[in-house]
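My questions concern the predicted model and sequence given below.
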Amino acid sequence: MSDVQPTPFSERFERRGGGVGLLWLDRPARANALDEAHFHRLRADLSAVSFEEGLRVLVIAGRGRHFCGGIDLGPDNGALVRAFAATEDAELGRALIRELKACFSPLRGLPWPTIAAIEGACLGAGLELALHCDLRVAGRAARLSMPETRLGLVPDLGGSSLLRRLVGPGRAAMLCLSGREMDAAEGLSIGLLNEVVEDGGALAAALRLAEDVARGAPTATREVLRLLRHADAEPLADALALETEAGVAALLSAELVEAAVARLERRPPAWAGQGG
């Protein structure tokens, strides 16, 4: 079951001065982790934001101590239940991945720049969400990782494709294959982050950056953004499609099941064929 009384859109979205908008991920008790309902709520929120008149920049931040802890691994997450069902049905898996990916992809279609203000955990699907934004600002204690392979999954919501384009194949491989956490300083050094500030200051810094962006001429800003986003639009579309099929293959392997059982039994997963 999702949150019993979710906050209304009017409390999740704020208009700031100068055409700056702020959209909150509003599930602090679960580190803003995304279950099925919150994936779709984010998609609905982005749709609603797209109709806001006079908006020039959108900042996304998480309430509480964390930006987003990734996909909610609780047994009440309908998306996770569907993922387990998809271990025996490729079409179910393909539909699920495309559905969840479509909850993030509207960010790349908004007609103005988007900025992720990152504090604390920015893990898995949370990092994928941040990668869909045009710019990323983080507090020094932010933790960034792609731990999907440790769960028998693939970063298939845009993460592997967008990360490779942002930081290069070698660094993307290190993050996606190792699953290890990266701190903000390292994220800045490889180009994953645009700015690092003192802890607790990511939102204020993101809003300052948004104000700087909003001072640009509207048409010029929109056209520059279009060029930056779509210079390689077709190759990116191909990469995203390949990413979806990789996610389906991971689900069909049923390694997700072993990862879940190992988590319940508080032991390392015993992957098939690893020996020992």
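Yes, it's here.

now could you export just the CA positions of stretch 244-263 as PDB?
Only the C-alpha atoms of stretch 244-263 are listed here, as PDB (Å, rounded to 0.1, in the frame of the first residue of the first chain):
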ATOM      1  CA  THR A 244      14.900  -2.000 -22.100                       C
ATOM      2  CA  GLU A 245      15.700  -5.300 -23.700                       C
ATOM      3  CA  ALA A 246      18.700  -5.700 -21.300                       C
ATOM      4  CA  GLY A 247      16.300  -5.100 -18.400                       C
ATOM      5  CA  VAL A 248      13.900  -7.800 -19.700                       C
ATOM      6  CA  ALA A 249      16.800 -10.300 -20.000                       C
ATOM      7  CA  ALA A 250      17.700  -9.600 -16.300                       C
ATOM      8  CA  LEU A 251      14.200 -10.200 -15.200                       C
ATOM      9  CA  LEU A 252      13.900 -13.500 -17.100                       C
ATOM     10  CA  SER A 253      17.100 -14.700 -15.400                       C
ATOM     11  CA  ALA A 254      15.200 -14.700 -12.100                       C
ATOM     12  CA  GLU A 255      18.300 -13.300 -10.400                       C
ATOM     13  CA  LEU A 256      15.900 -10.700  -8.800                       C
ATOM     14  CA  VAL A 257      14.300 -13.600  -6.900                       C
ATOM     15  CA  GLU A 258      17.600 -14.800  -5.500                       C
ATOM     16  CA  ALA A 259      18.500 -11.200  -4.500                       C
ATOM     17  CA  ALA A 260      15.200 -10.900  -2.700                       C
ATOM     18  CA  VAL A 261      15.500 -14.200  -0.900                       C
ATOM     19  CA  ALA A 262      19.100 -13.400   0.100                       C
ATOM     20  CA  ARG A 263      18.000 -10.000   1.400                       C
END
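
Kindly provide the whole-number mean pLDDT of that stretch.
Mean pLDDT, stretch 244-263: 91.

swap in stretch 204-223?
Mean predicted lDDT for stretch 204-223 stands at 95.

In it, which residues are buried?
Judged by neighbour count using 16 or more other CB atoms under 10 Å, the buried positions of stretch 204-223 are 205-207, 209-211, 213-214, 221. (C-beta placed from N, C-alpha, C; glycine too.)

Among the residues you listed, which are located in helices?
Judged by DSSP state H, these include 205-207, 209-211, 213-214, 221 as members of helices.

Mind picking the one among the buried residues of stretch 204-223 that's closest to Leu22?
Distance ranking of the buried residues of stretch 204-223 against Leu22, using CB to CB, places Leu207 first at 7.3 Å.

who are the neighbours in contact with that closest one?
Taking CB atoms under 8 Å, 6 or more residues apart in numbering as the criterion, Leu207 is in contact with 16, 20, 22, 59, 117.
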